[in-house]
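Asks: I would like the atomic coordinates for the input below:
(chains A, B and C)
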Amino acid sequence: MPRPIVTLTTDFGTTGSYVAQMKGVLLGVNPELTIVDITHKVPPQNIRAGAMILAEAAIRFPPQSIHVAVVDPGVGTKRNLIYASMADRHFLAPDNGLLSLLAREFPPVRIIKLANAEYWRSPVSATFHGRDILAPVAAHLSLGVAPDLFGTPLDAVQMLDWPRAAFAHGNCSGEVMAIDAFGNVITNISVADLPQAAALQLERAEAQIAGHVIVGISRTYGEKEPGQLLALFGSSGYLEVAVNQGHAASVLSAQPGDPIAVRWPDANP
Amino acid sequence: MPRPIVTLTTDFGTTGSYVAQMKGVLLGVNPELTIVDITHKVPPQNIRAGAMILAEAAIRFPPQSIHVAVVDPGVGTKRNLIYASMADRHFLAPDNGLLSLLAREFPPVRIIKLANAEYWRSPVSATFHGRDILAPVAAHLSLGVAPDLFGTPLDAVQMLDWPRAAFAHGNCSGEVMAIDAFGNVITNISVADLPQAAALQLERAEAQIAGHVIVGISRTYGEKEPGQLLALFGSSGYLEVAVNQGHAASVLSAQPGDPIAVRWPDANP
Amino acid sequence: MPRPIVTLTTDFGTTGSYVAQMKGVLLGVNPELTIVDITHKVPPQNIRAGAMILAEAAIRFPPQSIHVAVVDPGVGTKRNLIYASMADRHFLAPDNGLLSLLAREFPPVRIIKLANAEYWRSPVSATFHGRDILAPVAAHLSLGVAPDLFGTPLDAVQMLDWPRAAFAHGNCSGEVMAIDAFGNVITNISVADLPQAAALQLERAEAQIAGHVIVGISRTYGEKEPGQLLALFGSSGYLEVAVNQGHAASVLSAQPGDPIAVRWPDANP
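Replies: Residues are numbered from 1 along each chain as shown, chains lettered A, B, ... in the order given. Reported below is the predicted structural model:
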């Protein structure tokens, strides 16, 4: 059997000991784990940002991977902690919307509300359920414990409202979802949602954002001169606005929530 | 036998190659290691901060884990490098106080001054003993080399003066020890040190810090409204001051060393 | 057989999911890998900085380690992706100079242009060849696939011009190459290149940088008083300028490319 994989996605930062405390608990239950950090720099308590990073990364790991996510402003209150099986992978997280972007794409086939303290650390602190509940449950799961033993079934995970790009009359309107480490501006316009006629005429498209018009959708960053704005469908399939060898988010003062539109003015529909 | 665990706690940062150089040396001696980063963002040369992070994290790892810590402003001078066995775990560090907070709680049962160059890289640089001495010794330890072979016994580790909270007449005075990644203000007032009567009447306590009075010790961050100051005993058992969904350290301009007091004005002693 | 090691050196940062996506792909092909981060904080698209960090770190890992490096401003354009065998270790990277500092020291014994899509993810995105080509090729390499199967031989890797320190009349002139996490100013003056007479009289040397003159080359940071400038040959063998318990780069306003000179005014040649 290959070594089981547990990934961690949190807003704990990397300056303190919180992440390491979780890893210590994981390895205490199953020392054969391969633990992988997705990121610990989700903006503090920003559930939507955590949900997006988790959705991008989780499906790149092999089936049966165990993904633990902790962005948990409601720790210690009545929100549930849950196990969910989605996309042939396992997820453990607070039920606050953190799994909802994945759940929209890959409806959960099983959801369990964590309730069986037999698999938890004891005593459980009121403020660090990532260490005291999610980590030991993940490690027991990696040892083959059946998810049903962790608690009681739920019908649905908590969903957030995720804005979808809208298509009408050959045009498309969406919004900025995230800024990546290169300053690329990632939107919610997916190449998979484009009408076929539009997808075949990317060179005729015009992207409009923050008063700029970008003519043509590029294939790579290097197609435009250094310093020039460009638009392309990125490695996760979403339209992004970039500056070749530059920082588009600074050039555009772009932030999550800003509108973007794409038109095909001369396209043959 | 489970895979041996080596953790690393340093002030090397994550932008350069120093941490990776240590990992390369560790894996060169024992490629079966599980290496875990505690943090590499101890403030540069801040031994006290490193000691606190190490103390929080180390005991969360399973017994027999090997913890390597490098915050070493005196590298190359006469300070010793040591092995210490504490709390059923192994520690390797410069003897400059970095192990002293743990040693206060878990008196070392064996201390060895590293002196046997047979287990070191050769040649040893004058400025990077973490790579050239501590890493190879840790890896040899993970392979089963007895600690006695690494050098000669010492009687004690170098101790720093760690301020303890003081209790008198039903009141308690302590100080700020650290700020965590969420801006929570961590103090040296431990729930374990509270008189029993006080511990049973937390809702009557008043915490005083930076001119603010917080009435009642909460159990979770979510018990107060967003934006409100609160006090609670955190996941390591120490009193912390927080702002629900906010950044208490900024609100209070709090820094390590600042005083905090807790009173029980109406309590029945 | 020991577990194979794959290291990662990128400019992806640690706030998003790019690094984790690569790790997911690596573990999907070979779940038994030990993956080690060298750094993901190469300054964005700074090939020279990436080449220096990789050169420092790679040779500290055991022979047969697989080093994947991605600083790739030309992703999707005509630059090649390559496999190179150097110093008894394996390297996978864009052929843009990222391997050239290592190649100067350890001439490649085999170079392969990656061309066999059988070992790639499918489809390959236009903008993330680290995930879609380099990661799966590295994982297949770790499983024992012969490098020749990945593509077609090349004669040379792309070289950058790396400034060498110059020695003349008993003096030496070099330049600043990097600033480390402690603010130490690392130069291109290697202890290995010093004339023997100079190397034997380090206490007589005078280092000149940014209008300061430092008399004598120290062995450790602690040889001077806290706050004082000093020069020493660091753990990689290069001359560096430091401030004991301080930040030399700030004191000197030093940046990569700044000149430094070392003279032996009273030495016996």
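
Asks: and A:Arg263, how far is that from chain B?
Replies: 40 Å (Cβ to the nearest Cβ, to the nearest Å). Placement of C-beta: from N, CA and C, glycine included.

Asks: Revised request: answer the last question for A:Arg104.
Replies: Taken as Cβ to the nearest Cβ, the span from A:Arg104 to chain B is 25 Å.

Asks: ditto for A:Leu102
Replies: Counting by Cβ to the nearest Cβ - A:Leu102 and chain B are separated by 24 Å.

Asks: show me the contacts for that residue.
Replies: A:51, A:54-55, A:58-59, A:86-87, A:91 (Cβ atoms under 8 Å, 6 or more residues apart in numbering or on different chains).

Asks: With A:Asp132 instead?
Replies: The contact partners of A:Asp132, by Cβ under 8 Å, 6+ apart, come to A:25, A:120-121, A:123-125, B:235.

Asks: for it, helix, strand, or coil?
Replies: helix (DSSP: H, G, I helix; E, B strand; the rest coil).

Asks: okay, it: pLDDT?
Replies: Listed pLDDT for A:Asp132 reads 98.

Asks: Same check on A:Asn268?
Replies: Looking at A:Asn268, the pLDDT reads 54.

Asks: One more: A:His169?
Replies: pLDDT at A:His169 comes out at 82.

Asks: what's the answer for A:Asp180, then?
Replies: A:Asp180 carries a pLDDT value of 89.

Asks: ok, for it, nearest residue in space, not its chain neighbours?
Replies: Spatially, and ignoring its direct neighbours in sequence, A:Asp180 is nearest to C:Gly16 (5.1 Å; Cβ to Cβ, 6 or more residues apart in numbering or on different chains).

Asks: before we move on, what about A:Phe233?
Replies: Closest residue to A:Phe233 apart from its sequence neighbours, by Cβ to Cβ, 6+ apart: A:Val191 at 4.3 Å.

Asks: burial measure for that neighbour, as a count.
Replies: A:Val191 has 16 neighbouring residues, counting by other Cβ atoms under 10 Å in any protein chain shown.

Asks: got it, and A:Phe128?
Replies: Using other Cβ under 10 Å, the number of residues around A:Phe128 comes to 23.

Asks: How about A:Ala261?
Replies: By other Cβ under 10 Å, 17 other residues sit near A:Ala261.

Asks: For it, which residues count as its bridge partners?
Replies: Note on A:Ala261: beta-bridge partners by DSSP bridges are A:Ser173, A:Gln208.

Asks: For it, report the pLDDT, please.
Replies: So, for A:Ala261, pLDDT stands at 96.

Asks: I'd say it and A:Ala205 touch.
Replies: No. Between A:Ala261 and A:Ala205 there is no contact under Cβ atoms under 8 Å: 10.4 Å.

Asks: Is it possible to get TSV of the contacts of A:Leu102 that adds pLDDT, neighbour count and secondary structure?
Replies: Below are the contacts of A:Leu102 laid out as TSV (pLDDT from 0 to 100; neighbours: other Cβ atoms under 10 Å in any protein chain shown; DSSP: H, G, I helix; E, B strand; the rest coil):
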residue	pLDDT	neighbour count	secondary structure
A:Ala51	97	26	helix
A:Leu54	98	27	helix
A:Ala55	96	23	helix
A:Ala58	98	26	helix
A:Ile59	97	20	coil
A:Met86	98	22	strand
A:Ala87	97	18	coil
A:Phe91	98	28	strand
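
Asks: These into CSV, with extra columns for distance to chain B?
Replies: Shown next, in CSV, are the contacts of A:Leu102 (distance: Cβ to the nearest Cβ, whole Å):
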residue, distance to chain B
A:Ala51, 17
A:Leu54, 19
A:Ala55, 23
A:Ala58, 22
A:Ile59, 25
A:Met86, 27
A:Ala87, 27
A:Phe91, 22
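
Asks: Show me which residues of chain A are close to chain B?
Replies: Within reach of chain B by Cβ under 8 Å from any Cβ of the partner chain, chain A has these residues: A:11-18, A:20-21, A:23-25, A:27-28, A:31-32, A:35, A:44-45, A:73-77, A:125-128, A:131-132.

Asks: Can you say which of these are buried?
Replies: A:11-18, A:20-21, A:23-25, A:27-28, A:31, A:35, A:44-45, A:73-76, A:125-128, A:131-132 (16 or more other Cβ atoms under 10 Å in any protein chain shown).

Asks: Now intersect the residues you listed with the helices, please.
Replies: If you go by DSSP state H, those have A:18, A:20-21, A:23-25, A:27-28 in helices.

Asks: Now those in JSON lines, please, with extra columns for distance to B:His247 and pLDDT.
Replies: Formatted as JSON lines, these follow (distance: Cβ to Cβ, whole Å; pLDDT from 0 to 100):
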{"residue": "A:Tyr18", "distance to B:His247": "16", "pLDDT": "96"}
{"residue": "A:Ala20", "distance to B:His247": "22", "pLDDT": "98"}
{"residue": "A:Gln21", "distance to B:His247": "21", "pLDDT": "98"}
{"residue": "A:Lys23", "distance to B:His247": "26", "pLDDT": "98"}
{"residue": "A:Gly24", "distance to B:His247": "27", "pLDDT": "98"}
{"residue": "A:Val25", "distance to B:His247": "27", "pLDDT": "98"}
{"residue": "A:Leu27", "distance to B:His247": "31", "pLDDT": "98"}
{"residue": "A:Gly28", "distance to B:His247": "32", "pLDDT": "98"}
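
Asks: what bits of chain A have low per-residue confidence?
Replies: Within chain A, the stretches with pLDDT under 70 are A:266-269.

Asks: The same query, at a cut-off of 90, please.
Replies: A:1-2, A:73-78, A:167-171, A:180-181, A:192-200, A:222-223, A:245, A:264-269 (pLDDT under 90).

Asks: what pairs with A:Gly151 across the strands?
Replies: Per DSSP bridges, the residues bridged to A:Gly151 are A:Leu114.

Asks: and stretch A:120-133, C-alpha only, in PDB?
Replies: What follows is stretch A:120-133, C-alpha atoms only, in PDB (Å, rounded to 0.1, in the frame of the first residue of the first chain):
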ATOM      1  CA  TRP A 120     -10.000  13.000  19.200                       C
ATOM      2  CA  ARG A 121      -7.200  14.200  21.500                       C
ATOM      3  CA  SER A 122      -8.200  14.500  25.100                       C
ATOM      4  CA  PRO A 123      -8.900  17.000  26.500                       C
ATOM      5  CA  VAL A 124     -10.100  19.000  23.500                       C
ATOM      6  CA  SER A 125      -9.200  22.700  23.700                       C
ATOM      7  CA  ALA A 126     -12.000  25.200  23.000                       C
ATOM      8  CA  THR A 127      -9.900  27.100  20.500                       C
ATOM      9  CA  PHE A 128      -7.700  24.700  18.500                       C
ATOM     10  CA  HIS A 129     -10.000  22.000  17.000                       C
ATOM     11  CA  GLY A 130      -7.500  21.600  14.000                       C
ATOM     12  CA  ARG A 131      -5.000  20.100  16.400                       C
ATOM     13  CA  ASP A 132      -7.400  18.300  18.800                       C
ATOM     14  CA  ILE A 133     -10.100  17.000  16.400                       C
END
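
Asks: Would you work out how far apart the start and end of stretch A:141-157 are?
Replies: 20 Å (Cα to Cα, to the nearest Å).

Asks: list the buried ones in it?
Replies: Those would be A:141-142, A:147, A:150-151, A:154, A:157, for stretch A:141-157 by 16+ other Cβ under 10 Å.

Asks: Looking at the stretch 151-269 of chain A, which residue is nearest chain B?
Replies: Proximity to chain B, evaluated over the stretch 151-269 of chain A using Cβ to the nearest Cβ, is greatest for A:Ala181 at 13.4 Å.

Asks: Setting the sequence-adjacent residues aside, check what's closest to that residue.
Replies: Nearest non-adjacent residue to A:Ala181, counting by Cβ to Cβ, 6+ apart: C:Gly13, 3.1 Å away.

Asks: correct me, but that neighbour touches C:Pro43?
Replies: No. Under the criterion of Cβ under 8 Å, C:Gly13 is not in contact with C:Pro43, lying 10.4 Å apart.

Asks: surely A:Pro63 meets A:Ser85?
Replies: No. Assessed by Cβ under 8 Å, A:Pro63 is found out of contact with A:Ser85, at 10.8 Å.
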